[in-house]
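K.L.:
predicted model follows, preceded by the sequence.
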Amino acid sequence: MSDNAQTLRQFLLAERKQGLIAQDMMLLIEDIATSSRIIAHQIRNGAFLNILGATETSNVQGETQKQLDVIANDIFIEHCSNCSRVAALVSEEIDDVIWLKDQPKAGDYLVYFDPLDGSSNLNVNLSVGSIFSIMELKEDITDLTNEAVLFEGANQICAGYSLYGPSTSMILTTGNGVNGFTHKIGTGEFTLTFPDMRLPEETDEFAINASRFRKWDPAIARYVEECLDGKDGPRGKSFNMRWTASMVAEVHRILMRGGIFLYPKDSGNAEMGGKLRLLYEANPMGFIAEQAGGKASTGMQRILEVEPTSHHQRVSVILGSASEVDRIESYYTENA
Ligand code: AHG
Ligand code: MN
Ligand code: MN
């Protein structure tokens with residue numbers, strides 16, 4: 001990378017000049033980048049601030065909130081509220097949709113976010129992240145309900161994630177490919193370090209929580225068994241397995257070096273519809289995967305075409321190298 005690589009601001013201005021994004025989108029993305037910088041700072045100082053532990057509260061999903069889940073959520077809400085075009089916020093940590101406008105208009109923004117993903121990794125000092133997705137209202141609305149924000153992921157106009165790893169990075173798509181920025185220690189700027197990220201087509205690495213194997217659908221069990229069979233099995237090659245319990249870290253690894261990430265619906269989570277949430281986990285990561293040349297599926301359907309029925313809805317997620325996602329979809333079809 002050259003010393004004069006573009007800053008996030010310069011990158012966004014260039015997209016703006018080409019007519020690829022609106023001025024308000026630029027401001028909103030910069031506000032999200034600011035949120036990420038502040039969250040990264042809080043995480044890195046978490047042990048000193050004594051904020052790595054749990055709270056006594058649960059979120060709407062019944063999960064105990066970590067102190068940093070709540071802190072990151074407050075930071076996102078504060079900064080995403082700056083942009084006057086944002087009509088509503090949907091957060092993993094907040095039960096109902098937060099309406100910022102009384103009379104939202106067509107073209108106003110809806111921001112969906114998981115302020116801290118993989119938060120069970122916090123007290124063991126492993127990577128966590130933030131995920132966000134942005135859509136536009138198609139028409140003026142008068143009913144400020146939770147249902148008014150339910151649109152298919154194919155309507156996203158921007159999505160991204162920040163990864164708080166050895167360095168803080170922010171990966172972004174506005175529907176024109178995927179670009180990766182690294183937070184530069186010293187100047188504090190996000191700088192374009194990974195332009196035009198492409199998800200490798202072929203892979204020999206998979207990521208799944210294998211402790212759930214007895215609950216898997218036959219299609220998932222077959223896929224994993226064939227990978228484990230290695231060179232002598234039907235795939236004719238050895239596979240590697242990784243699981244970090246942080247979707248952001250997992251997806252980032254796959255974006256950088258290929259692979260497939262699976263958190264499928266199984267007999268243990270079927271009642272909830274899966275584990276990962278559609279609007280602020282699966283949709284944004286699915287959009288990024290597709291924009292980088294990969295795929296994201298439930299096993300039976302493209303994630304971006306799943307019609308949401310509730311704003312905290314969960315969904316089966318199979319995401320990564322296109323040929324592997326195709327293979328798993330074909331196993332589901334054969335078993336249907
Ligand atoms: P969150 O911390 O936002 O609740 O999300 C955690 C998610 C995801 O990041 C990860 O892939 C998965 O949960 C880990 O699940 P297991 O505990 O089953 O490994
Ligand atoms: Mn999450
Ligand atoms: Mn979370």
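P.N.:
Structure's in. What do you need? Ligands and ions are numbered 1, 2, ... in the order given.
K.L.:
residues contacting the residue in the chain that ligand 2 sits nearest to?
P.N.:
In the chain, no residue comes nearer to ligand 2 than residue 117, which is 3.5 Å away by Cβ to the ion. Placement of C-beta: from N, CA and C, glycine included. Neighbour list for residue 117: 128, 129, 130, 131, 161, 246, 247, 248, 281 [criterion: Cβ atoms under 8 Å, 6 or more residues apart in numbering].
K.L.:
7 Å instead?
P.N.:
Contact partners of residue 117, counting by Cβ atoms under 7 Å, 6 or more residues apart in numbering, are 128, 129, 130, 131, 246, 247, 248, 281.
K.L.:
so the last one touches residue 131, yeah?
P.N.:
Yes: Residue 281 is in contact with residue 131 according to Cβ atoms under 7 Å; the separation is 5.9 Å.
K.L.:
name the residues contacting each of those two.
P.N.:
Contact criterion Cβ under 7 Å, 6+ apart; residues shared by residue 281 and residue 131: 114, 117.
K.L.:
out of the two, which sits in the busier spot?
P.N.:
residue 131 (30 against 26; other Cβ atoms under 10 Å).
K.L.:
hey, C-alpha coordinates of the helix or strand harbouring the more buried one in CSV?
P.N.:
Here residue 131 sits within strand 128-136, counting by DSSP states H and E. In CSV, the C-alpha atoms belonging to strand 128-136 read as follows (Å, rounded to 0.1, in the frame of the first residue of the first chain):
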residue,chain,number,x,y,z
VAL,A,128,-15.5,-9.0,17.8
GLY,A,129,-17.1,-6.7,15.3
SER,A,130,-20.1,-4.5,14.4
ILE,A,131,-22.4,-5.1,11.4
PHE,A,132,-24.7,-2.6,9.6
SER,A,133,-27.1,-2.4,6.7
ILE,A,134,-28.8,0.5,5.1
MET,A,135,-32.0,0.6,3.0
GLU,A,136,-34.2,3.4,1.7
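K.L.:
downstream of the strand or helix carrying residue 36, the next helix or strand is which one?
P.N.:
Using DSSP H and E, the element containing residue 36 is helix 23-44. Using DSSP H and E, the next helix or strand after helix 23-44 towards the C-terminus is helix 46-49.
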